[in-house]
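J.: Sequence and predicted structure are below.
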Amino acid sequence: MADAVSHDEVADLLALEAVGALEPSERDGMERHLASCAACRHTADEYAELASLLPAALEVVPPPARLRRNLMAQVYAEATASPTVPWWRRLIDAIPASRTFTVVGAAAVIAAIAFGIWGATGRTNLPQPPATISYSVSGTTATGTLDVPAGGTPAVLMVNGLQSLPITKTYEVWLIPPQGSPKGVAFLSPSPAVGGWVAVVPGSLAGYKSLAATVEPAGGSPTPSNTEVLSGQLTAS
Amino acid sequence: MHLSDDDIVRSISASPEGIEALYDRYGGLAHTVALRILSDRGAAEDVVQESFLAVWRRGSTFQSGRGSLRSWICTIVRNRAIDRLRGDRHRTRLDTPIEGESLEPAVSDPWAAVALELSGEEVRKALAELPPEQRQTIELAYYGGYSQSEIATAMEVPLGTVKGRVRIALDKLRASLADRVETPWQTQ
């Protein structure tokens, strides 16, 4: 062994490292040893996995439903904010750049390819951009859109102009049928990625005439308990 | 349709549904880990959300042959929860690449098999077989975020005793858990 730390001493340190108790001052010596000792690297792997098994012994405490709703609202909002690159953009990007082949030239080639395909396929098979229907929503201070993708779900509500709320409150989103009670479907979450508030509205919008949001206690309410901070009709404009 | 862990891993970065599937399978355990460490429902929810968002934003570096998906997500959550517990404002894990978080319990294939086969009950039994002082030592470290010297102070024992307890506890767990599942790892 090339260094001054023995395998046995390193095993003690590896065990401490696995459970997160290693002192920073002892890390360098351990890492120097690991760099040249495959057997101890193997031990490190085993201890790390053993420590990571510890949570399996805990009795699972189910998280509240709002956690899943808030997480997925954020994920879907970010997915929507970074849509798939359009087909024509991918084609342009695939053309090698050169001093003599300008973007205009590239566009001309793309147009030629596109029209060629169009002509050869009976003018029916060109890739089409996804059809998204947008509904406007607004309130005293807020404006936004509800974007419904071609597939119908999930719709994503993006809003600007809402004020921050204390931790005890939340913006709850409601779908309102022509008759009957509003249905709470989502919570708006602040999203730095899109610079506003977002919510994913799951399920079909069919059968609902409008959408609204109200301030409710954190965790939501069975029915709206405050006036609307924004609303919008779910009819094509 | 039942998705395997491998199916989930493959879809994590491809679509929101991948994260949804990961959360549906391990969100409960992740929440439990965060709550165990932080003892605060709001903070635990924040940590779980941050952890899954980090996986979504950064993509998965998980390798199925080198550990279990369960251990991997628990490690992410545990790291973030301990950071929050310590109030370490110098490191902002949200901005740290996942690759830097020791998120891959780098293990040999046999141990990946062990991890996948073990149930919570088996791990509980193995932990229950440890002497109380050994179990308490690893729990103070793993769930409390205490360092070796902090544990020595808290338990009023020498540093060397803490070292020994942790290592002996892990060695006993290794032996005990390996006995509970049929894997070839002992012959490796």
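T.: Cool, got the structure.
J.: hey, let's count contacts and neighbours off CA atoms from now on
T.: Fine.
J.: pLDDT score assigned to residue 97?
T.: Reading this off chain A. pLDDT recorded at residue A:97 is 34.
J.: you looked at the wrong chain, it should be chain B
T.: Reading off the model, residue B:97 has pLDDT 37.
J.: how about the residues of chain A near chain B?
T.: Contact residues (CA under 8 Å from any CA of the partner chain) of chain A with chain B: A:11-13, A:15-16, A:19-23, A:42, A:45-63, A:67-68, A:71-72, A:75-76, A:79.
J.: Specify the local secondary structure of residue B:35.
T.: At residue B:35 the chain is in helix, as set by DSSP: H, G, I helix; E, B strand; the rest coil.
J.: That one: how many residues sit nearby?
T.: Residue neighbour count, defined by other CA atoms under 10 Å in any protein chain shown, stands at 24 for residue B:35.
J.: quick one: it from chain A, how far?
T.: 8 Å (CA to the nearest CA, to the nearest Å).
J.: where along the chain do the helices fall?
T.: This is for chain A. Secondary structure of chain A (DSSP state H): helices located at A:7-18, A:24-35, A:38-53, A:65-81, A:87-94, A:103-120.
J.: you looked at the wrong chain, it should be chain B
T.: Ranges of helices within chain B are B:5-11, B:16-38, B:41-58, B:69-86, B:109-117, B:120-128, B:132-142, B:148-155, B:159-180, based on DSSP H.
J.: Redo these as TSV? Include distance to residue A:232 and mean pLDDT.
T.: Shown next, in TSV, are the helices of chain B (distance: least, CA to CA, whole Å; pLDDT from 0 to 100):
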stretch	distance to residue A:232	mean pLDDT
helix B:5-11	34	77
helix B:16-38	26	92
helix B:41-58	29	89
helix B:69-86	39	85
helix B:109-117	49	52
helix B:120-128	48	88
helix B:132-142	50	94
helix B:148-155	57	94
helix B:159-180	58	92
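J.: how about these, which one is nearest residue A:196?
T.: Closest approach to residue A:196 among the helices of chain B (CA to CA): helix B:41-58, 17.2 Å.
J.: circling back: where among the helices of chain A is average confidence lowest?
T.: helix A:87-94 (a mean of 34).
J.: Need the per-residue pLDDT for the closest residue to chain A within chain B.
T.: Residue nearest to chain A within chain B: residue B:147 (4.0 Å; CA to the nearest CA). At residue B:147, the pLDDT value in this model is 91.
J.: residues in contact with residue B:173?
T.: The contact partners of residue B:173, by CA atoms under 8 Å, 6 or more residues apart in numbering or on different chains, come to A:50, B:126-127, B:130.
J.: err, residue A:157, not the other one
T.: Shown in contact with residue A:157 (CA under 8 Å, 6+ apart): A:144-147, A:197-201.
J.: burial count for the residue in chain A positioned nearest to chain B?
T.: Scanning chain A for proximity to chain B using CA to the nearest CA identifies residue A:21 as nearest, at 4.0 Å. Residue A:21 has 27 neighbours, counted by other CA under 10 Å.
J.: got the phi/psi numbers for it?
T.: phi -110, psi 10 (degrees, to the nearest 10).
J.: For the residue nearest to it when sequence neighbours are not counted, give its distance to residue B:42.
T.: Spatial nearest neighbour of residue A:21, chain neighbours left out: residue B:147 (4.0 Å); criterion: CA to CA, 6 or more residues apart in numbering or on different chains. Residue B:147 sits 25 Å away from residue B:42, going by CA to CA, to the nearest Å.
J.: cool, and residue B:83?
T.: Per CA to CA, residue B:83 is found 15 Å from residue B:42.
J.: which one of the two has more residues nearby?
T.: Between residue B:83 and residue B:42, residue B:83 has the larger neighbour count (other CA under 10 Å), namely 18 against 12.
J.: and residue B:36, what is it in contact with?
T.: residue B:143.
J.: Which of the residues of chain A next to chain B are buried? Put it as a ChimeraX command.
T.: Buried residues among the residues of chain A next to chain B (16 or more other CA atoms under 10 Å in any protein chain shown), as a ChimeraX selection:
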select /A:11,12,13,15,16,19,20,21,22,45,46,47,48,49,50,51,52,53,54,55,56,57,60,63,67,68,71,72,75,76,79
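J.: Kindly report the domain assignment for chain B.
T.: Domain segmentation of chain B under automatic domain parsing yields B:1-105, B:107-188.
J.: what's the closest non-adjacent residue to residue B:80?
T.: Once flanking residues are discounted, residue B:80 sits nearest to residue B:47: 6.4 Å by CA to CA, 6+ apart.
J.: Tell me how many other residues crowd that neighbour.
T.: By the criterion of other CA under 10 Å, residue B:47 has 27 neighbours.
J.: which stretch among the helices of chain B comes nearest residue A:134?
T.: Set against residue A:134 and scored by CA to CA, those come closest in helix B:16-38, at 20.8 Å.
J.: tell me which residues of that closest one are tucked away?
T.: Buried residues in helix B:16-38, counted by 16+ other CA under 10 Å: B:16-23, B:26-38.
J.: Now the residue of chain B closest to chain A. Its backbone dihedrals?
T.: phi -80, psi 170.
J.: Contacts only, for it.
T.: A:20-23, B:141.
J.: What distance do you get for it to residue B:162?
T.: From residue B:147 over to residue B:162 the distance is 10 Å, taken as CA to CA.
J.: Kindly reformat the contacts of residue A:157 as TSV containing pLDDT.
T.: Formatted as TSV, the contacts of residue A:157 follow (pLDDT from 0 to 100):
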residue	pLDDT
A:144	92
A:145	91
A:146	92
A:147	86
A:197	85
A:198	82
A:199	81
A:200	78
A:201	83
